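Asker: sequence unknown, structure follows:
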Ligand code: GLS
């Protein structure tokens, strides 16, 4: 039977060939066909949005072709595949990225202009796919792009949330959240696979069953939900390969509820069935902290179970011996969120495939690797035992068994060191007994990855010290990276042309190391002229956007200073605002001749606060309160403008980053695992003002510390500074600006009181007071550097030139080689 299937695949593969044409006339015809037959509008009368939809469908057709060919080829070659499990993917827009990677942007632009449409205007019609919170999720999206571009046989698996990350609305300076109805107008980028669906079970009991004289534990679930696949083709750049991101949506199952229909309660039976859909309804909006919630656990298990059924089905199509599983399958757990996959693999192998426990465990240990993206212990998920026992009773038993084996092994090594054993246990004792998902991953995965060199140090010396001492060989780091396709080619086309022109090739788009070749021209006046012009055009675009959104007019001569990321105390947007207040205060106290020496600034902040995170919401309000005062102050004029950009998301980042002169990365040292925003800014030639935290340390090594503005306490100084509990050096200036807020200088005195208390002496956990003086110094150095525009431009060129290491292509190659053991599999067409 296997032979037959293989022969059939071979034959079908031989028949595959690309057949859609990409000349302007064929593209026009395709677009008009889609207007008429897909969007169902008359081809004589359709608007921009309808044109976008038709355009998207014509691009999708081309994606599907490649995607089919790629999968046929993978099937034929049967290489070891990587399966990337992530609860979040922040894809942003697909149109421009797909068209760029397909290499047919000029043809489309041509075709559209002949039809009377503007490609860029249509691209703006697309909403973001925001199925994730922040850096972790956007990283997953960048990594998918690199996996496709580098021809790796990979699949992404995740959840198709009905509502993505909430929309941020600002009313009177306060954040409000609105649901993200991203699917309301359809999503041309996904392909619904009604025939690819699997039942996912929950609740129930575990019973014993005897089969051929052997006793088995059998899970008798009480609820079943159907997981339906939605496929999202991910095209590589400069290759025909297009890989798949398969997202699961929950649909009611028709099993188990015949009874409720026959009892006559027809309406309630339907309403109850409909509840199944809630599993994939909404993305949890908390970045980094998760309380053990039933729905979240169900989301995790739902997507893990469906993905594993899919993976095992694919494996069994061509193989019938699980000994071969590790040769064909690598499973990547993106953060601790999908860790339940380990227990699920054990359940399938032991309970369903009837493998011995130790054999099954041996297989599990060979297939899983994990990347930890957090530093803070609260970001490592824990699930209360009662909850797990109720939702997934058999998995709880399995985890107990895994823990028993782990403890037995540890006892042999550490004897009676019960403190150590309890720290390393998968079970956390306490008022609420919990499963530590991170420890479950550590016990099983062959590789545990950090996301920057400094982060690995933190994992080794603090977060997972005991495990590191036991299994040092498991611990690695792969410094994060971002894709230059989206973050330069798509979002900054003028920079893209400059780089290609000066390097004399476009090869850097696939081989980003070549970008270092720009160093040679860092002082060339012709390059400087082009570079400055590029920056100016991007600043103009950003200034228009700011004016449309906030009515604030900004001067293009000012330094555009940007901090965009999730709002979090450790990221210290408050430090930025207090620095702005200090700048304002200084300007207010200057005479006219001093004012002439001030470097004008536009301070731009953007980011969302988790809906329940009060302090973060106060920071957003403070930003607005300061902006309201500063922006209308005639003593200040264009010397200082403060702007909060609402509803920050991927496409806003694509607009803001190219127009930035200086970007800020202010996390207290030791708190940002990596940071990836800094890499996007670096690629775009923005200078970085940063603490020595996460990847910034490695950026400084690449571009030279003198090419950025570093400040603040170092990671090894932080614990002692906290112990001292004093704001030391920065105290005078710091105390003054905090007092201005506390005394109501910007209004809302009572409201900001608790915010000010977070940085009071003795309570200033994130060391704003301590770092304030060196922060101001770094800001002053940046001002001085900006005055010398030639020097600044040179530093900017060197930043872009030094950004090669921070491409996700490099990260993915490291993962492929060091963690996953996969090889490229390039579709030959
Ligand atoms: C994060 C980290 O906080 C970031 O430092 C890191 O760059 C990112 C990707 O590795 O992962 N972890 C997290 O939970 N959200 C993040 O952005």
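Answerer: Noted; the coordinates are in hand. Quick caveat: nothing in here was measured; it's all calculated off a predicted structure.
Asker: contacts, neighbours, all on C-alpha from now
Answerer: Fine.
Asker: Contact residues of this structure facing the ligand?
Answerer: The chain comes close to the ligand at residues 134-136, 139, 287-288, 373-374, 451, 672-676, as judged by CA under 6 Å from any ligand atom.
Asker: again, 5 Å this time
Answerer: Proximity of the chain to the ligand (CA under 5 Å from any ligand atom) is limited to residues 134-136, 288, 373-374, 672-676.
Asker: Farthest from the middle of the chain: give me that residue.
Answerer: Relative to the C-alpha centroid of the chain, counting by CA atoms, centre = their mean, residue 213 is the outermost residue, at 49.7 Å.
Asker: separation between it and the ligand?
Answerer: Separation of residue 213 from the ligand (CA to the nearest ligand atom, to the nearest Å) stands at 48 Å.
Asker: which one in the residues of the chain next to the ligand is the model shakiest on?
Answerer: Minimum pLDDT for these is recorded at residue 288 (69).
Asker: Quick check on the residue farthest from the centre of the chain: phi, psi?
Answerer: The phi/psi pair for residue 213 (degrees, to the nearest 10) reads phi 80, psi 0.
Asker: Now for it: which residues touch it?
Answerer: Under the criterion of CA atoms under 8 Å, 6 or more residues apart in numbering, residue 213 has no neighbours.
Asker: can you tell me which helix or strand residue 752 belongs to?
Answerer: Residue 752 belongs to helix 749-757 when assigned by DSSP states H and E.
Asker: Correction: the previous question concerned residue 560.
Answerer: Using DSSP H and E, residue 560 maps to strand 559-564.
Asker: packing partners for the host helix or strand of residue 402?
Answerer: In this assignment (DSSP H and E), residue 402 forms part of helix 393-414. Here helix 393-414 touches strand 205-211, strand 214-220, helix 340-347, helix 385-391, helix 418-424, going by 3 or more CA pairs under 8 Å, 6 or more residues apart in numbering; DSSP states H and E.
Asker: Report the angle between the third one and strand 214-220.
Answerer: This means helix 340-347. Here helix 340-347 points in a direction 140 degrees away from that of strand 214-220 (axes from the mean of the first three to the mean of the last three CA atoms, to 10 degrees).
Asker: For helix 340-347, name the packing helices and strands.
Answerer: helix 294-318, helix 357-367, helix 393-414, helix 437-444.
Asker: what packs against the helix holding residue 752?
Answerer: helix 614-630, helix 731-742.
Asker: hmm, back to that, which one of the residues of the chain next to the ligand has the most neighbours?
Answerer: When neighbours are counted by other CA atoms under 10 Å, residue 674 leads the residues of the chain next to the ligand with 30 neighbours.
Asker: wait, doesn't residue 517 sit right on residue 801?
Answerer: Yes. The criterion here is CA atoms under 8 Å, and residue 517 meets it with residue 801 at 6.9 Å.
Asker: Name the residue in those two with the higher neighbour count.
Answerer: Using other CA under 10 Å, the more surrounded residue of residue 517 and residue 801 is residue 801, with 28 against 15.
Asker: mind listing what the spatially closest residue to residue 641 that is not a sequence neighbour touches?
Answerer: Leaving out its chain neighbours, the residue that sits closest to residue 641 by CA to CA, 6 or more residues apart in numbering is residue 602, at 4.8 Å. By CA under 8 Å, 6+ apart, the contact set of residue 602 is 554-555, 558-561, 640-643.
Asker: Quick check: of those residues, which lies closest to the ligand?
Answerer: The closest of the contacts of residue 602 to the ligand turns out to be residue 561 (CA to the nearest ligand atom; 20.7 Å).
Asker: so what pLDDT did the closest one get?
Answerer: 98.
Asker: Tell me the secondary structure of residue 763, please.
Answerer: Here residue 763 is recorded as coil under DSSP: H, G, I helix; E, B strand; the rest coil.
Asker: hang on, isn't it packed against residue 757?
Answerer: Yes. With contact defined as CA under 8 Å, residue 763 and residue 757 form a contacting pair (7.3 Å).
Asker: ok, back up a step: next, the angle from the helix holding residue 402 to helix 437-444.
Answerer: When the same axes, to 10 degrees is applied, the directions of helix 393-414 and helix 437-444 differ by 60 degrees.
Asker: would you turn the helices and strands packed on helix 340-347 into TSV with distance to residue 270 and mean neighbour count?
Answerer: Converted to TSV, the helices and strands packed on helix 340-347 look like this (distance: least, CA to CA, whole Å; neighbours: other CA atoms under 10 Å):
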stretch	distance to residue 270	mean neighbour count
helix 294-318	20	19
helix 357-367	39	18
helix 393-414	27	17
helix 437-444	35	24
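Asker: Now render those helices as CSV, adding mean pLDDT and distance to residue 186.
Answerer: Output for the helices and strands packed on helix 340-347, formatted as CSV (pLDDT from 0 to 100; distance: least, CA to CA, whole Å):
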stretch, mean pLDDT, distance to residue 186
helix 294-318, 98, 22
helix 357-367, 98, 37
helix 393-414, 98, 37
helix 437-444, 98, 36
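Asker: any idea how far the residue of the stretch 1-150 of the chain found nearest the ligand lies from residue 207?
Answerer: Of all residues in the stretch 1-150 of the chain, residue 135 sits closest to the ligand, at 3.3 Å by CA to the nearest ligand atom. Per CA to CA, to the nearest Å, residue 135 is found 43 Å from residue 207.
Asker: list the contacts for the residue of the stretch 601-750 of the chain found nearest the ligand?
Answerer: Nearest to the ligand in the stretch 601-750 of the chain, going by CA to the nearest ligand atom, is residue 675, at a distance of 3.4 Å. By CA under 8 Å, 6+ apart, residue 675 lies in contact with 135, 694-696.
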